[in-house]
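**Q** only the shape, not the letters, is given here:
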């Protein structure tokens, strides 16, 4: 018997099927970077990592705070008296001061227009864990969730892999700047119901990854109406809330439902500190549900992904320092806007256009003019050239389940100023070469016609 | 429609059934403690927490190390240069230095007789997460795992809740000191197979929680043969390895399979630093599988329960300090032995007997002589008296799925010397009162007979 077939008997279906979603260009690009990482002096011809949505622009502020606040850590002389109590602390409610600080922070980054109840803060292992937890709470294996596309590639892992929940894409298109329409939602919903699949909810990412756009209040209201009419859930992934670097203002779902006659038992927020504070390593994911039963169940599930109490302790102190938080958020948005401007204006000069956006750590750029033909194969061919020759790890739209070809997500906040400059130069060189190729082809065609 | 019935439609089966296992006296006892926690000066009549298997005897050594090693933390002036890289680090392989340090530590606490490969160290959110991960890898919903009883109450949550795996108890009895026998294993296995349920493996806890005993080499060999003959898995939960405070020496499954012609693809170890180092708050669980495919799948799953990189960084430094680790382990075992001796000898003077043990953070004590009758109801009645009147949170054997009544698990390493003394005094007073009651009853009977 072949090894695979043997293991199929020995291991679980989850372990032997291929539904984790790791076989995606999204992750392959990371591997290309890992094999040949760019370094300004040590490896100047390496791959530049523009596939990682990380916010690395403000660590100097964090470092400064750390040095001024030794008592915030249980691993300093000033804080070590707390070591025992904190190393022991494993209550799935979390440290009260941590929950209070996170609730306050969540309100603050949403403009202070909504209050979050610390008792509803449920911890999880990053947004990854929070996404899975909310699915385990809301849906049975085989049930479906509607997900507007393009969407975060690892949703396949987070929402579906171990829960058995199905993802039903809701098509969004460039013709209206990839906005979610009720028509597209209805179409996806009806098709699924007709296929005898139970739709348990809709999950939106606002601000959007990969688009970098935000949903306006009216759209949010229409979504709330949509899910209320069908008595299904609305999960709002708001992990990029503090990356909105220019107007218009952000409207959180929590703000929208304040003024509406909605069944709040259907509304759930996923939050995280990975993007907004730039701490993906700390694995802080939050499920904030307005449904008491979901909150209680999610809290029990948090046993599988509690935040290290050492980290809770540090963040409790850091996030409750109002002055620091204010300064950090202001400066972070200022630097994000500046970086976004440098990058997008650089691209504009090369006649490469980005979707107009005001949030996120990435641009959604349109490279369709560079495709040989309008197919996924052509998109992948271009992507391979960008990875292997231009040596930029960017992520093709198809890995975000985008239905239109030629779009790419390019991250700009995880690298330094010099690296951005080099990335732009590489793109410039590539585009010029491409133009020359096109010109040559045209010239040849011209000569043949003569 | 009733609220429950409405929610049953709205939420998942997992969220609305009662299979989390939280409705157990094991957890109820914690609540009793939480409502009225003992404090030597502030609440001397409160409930003493003896239901928590925590090792709190050596935090002075940790504190000393912390203060001497400021660079081990990214939250000190000495270590803050690393803050950015560490806060960003989210690779599911874990920090290389963390994996190396954990592998070394795992070998050391197993007497240095086996080596662990750092590349096989897979992180998880505590043993809780590690247990669930290994189940997700090995079994499909409806499949079964054999679990010798009495067993850890929260296995119900860890192994079964979200995976849908069935737990089949293997009965162990006091007549042979609760040792696992091949006869009992065969009986459980055959019954399950006859019921058309697929048995995917056996999970053992060695050292045992709640027994505090360890398995000898011959028994382990017979278990390896048992699972090899049936081509099923053996999962060894070895999270209490560094609590073996007196002879005989511990034998890890990793040592046993070195000398055997076993299919190592069937062997998996669950480890943690919650008990051995006393850091449950840090949520360090490890899956160590000899099966490459399981290792790879478990690593993908670790995305849901990665250890905070701040914590990885600290532990990498701490656990790779050989001198410190040596001193800590020696002192920890010395203090555990001393505490165990004080507690069990105190009980012995009251003619309360414990199962003979050499490991763990608890005793398995026999209170059957105090039961009114040999029923679970009588055990629960006695337990309620112990919680409410004697004011000790201990855990009844039935919550460990023990098939014999009258056994209780009493933890002794999470409290200080004074509290142990008070607990013993309370037990003494209770036993004396009980004896008086029995004497009175006897006297009355005697008088009636006259």
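**A** Yep, that arrived. It should be emphasised that the depicted structure is a prediction, and the values quoted were computed from it without experimental measurement. Numbering: from 1, shown residues only, chains lettered A, B, ... in the order given.

**Q** where do the strands of the stretch 1-150 of chain A begin and end?
**A** A:48-49, A:121-125, A:144-149 (DSSP state E, counting those that start in this stretch).

**Q** what residues does the stretch 51-200 of chain A have near chain B?
**A** Neighbours of chain B within the stretch 51-200 of chain A, by CB under 8 Å from any CB of the partner chain: A:54, A:56, A:59, A:62-63, A:66-67, A:70, A:72-77, A:80-81, A:83-84, A:86-90, A:125-126, A:128-129, A:132, A:136-141, A:143, A:157, A:162. Backbone N, C-alpha and C define where each C-beta goes, glycine included.

**Q** what of the stretch 301-450 of chain A?
**A** Neighbours of chain B within the stretch 301-450 of chain A, by CB under 8 Å from any CB: A:301, A:303, A:304, A:305, A:306, A:307, A:308, A:309, A:310, A:311, A:314.

**Q** need these in CSV with secondary structure, can you?
**A** Output for these, formatted as CSV (DSSP: H, G, I helix; E, B strand; the rest coil):
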residue, secondary structure
A:301, helix
A:303, helix
A:304, helix
A:305, coil
A:306, coil
A:307, coil
A:308, coil
A:309, helix
A:310, helix
A:311, helix
A:314, helix
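
**Q** redo the residues you listed as a markdown table? Include neighbour count and pLDDT.
**A** Putting these into a markdown table (neighbours: other CB atoms under 10 Å in any protein chain shown; pLDDT from 0 to 100) gives the following:
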| residue | neighbour count | pLDDT |
| --- | --- | --- |
| A:301 | 25 | 96 |
| A:303 | 23 | 96 |
| A:304 | 30 | 97 |
| A:305 | 28 | 96 |
| A:306 | 29 | 96 |
| A:307 | 30 | 96 |
| A:308 | 28 | 95 |
| A:309 | 27 | 96 |
| A:310 | 28 | 95 |
| A:311 | 28 | 96 |
| A:314 | 27 | 96 |
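
**Q** now, the residues of the stretch 51-200 of chain A next to chain B that are in helices?
**A** Counting by DSSP state H, the part of these found in helices is A:59, A:62-63, A:66-67, A:83-84, A:86-88, A:126, A:128-129, A:132, A:136-138.

**Q** any of the residues of the stretch 51-200 of chain A next to chain B buried? List them.
**A** Buried residues within those, defined by neighbour count using 16 or more other CB atoms under 10 Å in any protein chain shown: A:54, A:56, A:59, A:62-63, A:66, A:70, A:72-76, A:80, A:83-84, A:86-90, A:125-126, A:128-129, A:132, A:136-140, A:143, A:157, A:162.

**Q** in chain A, which residue is most central in space?
**A** By CA atoms, centre = their mean, chain A has its centre lying nearest to residue A:209, at 4.8 Å.

**Q** who touches that one in this structure?
**A** Neighbouring residues of residue A:209 by CB atoms under 8 Å, 6 or more residues apart in numbering or on different chains: A:53, A:151, A:152, A:239, A:240, A:360, A:362.

**Q** of all those residues, which comes closest to chain B?
**A** Within these, proximity to chain B (CB to the nearest CB) peaks at residue A:53, which comes in at 11.4 Å.

**Q** against residue A:263, how distant is the residue nearest to the centre of chain A?
**A** 27 Å (CB to CB, to the nearest Å).

**Q** repeat that for residue A:187.
**A** In this view, residue A:187 and residue A:263 are 24 Å apart by CB to CB.

**Q** neighbour count for these two, which is higher?
**A** For residue A:187 versus residue A:263, neighbours defined as other CB atoms under 10 Å in any protein chain shown are more numerous around residue A:263 (16 against 13).

**Q** could you find the closest non-adjacent residue to the more buried one?
**A** Distances taken as CB to CB, 6 or more residues apart in numbering or on different chains put residue A:228 closest to residue A:263, at 5.8 Å, once the chain neighbours are dropped.

**Q** what sits against the one you found?
**A** By CB under 8 Å, 6+ apart, the contact list for residue A:228 reads A:262, A:263, A:266.

**Q** run the last query once more with 10 Å
**A** Shown in contact with residue A:228 (CB atoms under 10 Å, 6 or more residues apart in numbering or on different chains): A:234, A:260, A:261, A:262, A:263, A:266, A:267.

**Q** could you do residue A:32 as well?
**A** Contacts for residue A:32 (CB under 10 Å, 6+ apart) come out as A:25, A:46, A:47, A:49, A:51, A:384, A:387, A:388, A:391, A:392, A:393.

**Q** kindly recompute the last result at 6 Å.
**A** By CB atoms under 6 Å, 6 or more residues apart in numbering or on different chains, the contact set of residue A:32 is A:47, A:387, A:393.

**Q** cool, and residue A:202?
**A** Contacts of residue A:202 (CB under 6 Å, 6+ apart): A:146, A:227, A:234.

**Q** quick one: which of these is most hemmed in?
**A** That'd be residue A:146 among those, by other CB under 10 Å, with 25 neighbours.

**Q** which among the contacts of residue A:32 gets closest to chain B?
**A** Using CB to the nearest CB, residue A:393 comes nearest to chain B of the contacts of residue A:32, at 15.1 Å.

**Q** count the residues that sit near that closest one.
**A** Close neighbours of residue A:393, defined as other CB under 10 Å, add up to 28.

**Q** hang on, it packs against residue A:35?
**A** No. Contact criterion CB atoms under 6 Å: residue A:393 and residue A:35 do not qualify, at 10.5 Å.

**Q** please spell out the segments of the stretch 1-150 of chain A that come in under the pLDDT threshold.
**A** Applying pLDDT under 70 to the stretch 1-150 of chain A flags the ranges A:1-8.

**Q** excluding sequence neighbours, find me the nearest residue to residue A:46.
**A** Going by CB to CB, 6+ apart, residue A:46 has residue A:38 as its nearest residue, at 3.7 Å.

**Q** so the one you found sits against residue A:45, correct?
**A** No. Using CB under 6 Å, residue A:38 is not in contact with residue A:45; the gap is 7.8 Å.

**Q** which of these two has more neighbours?
**A** residue A:38 (22 against 9).
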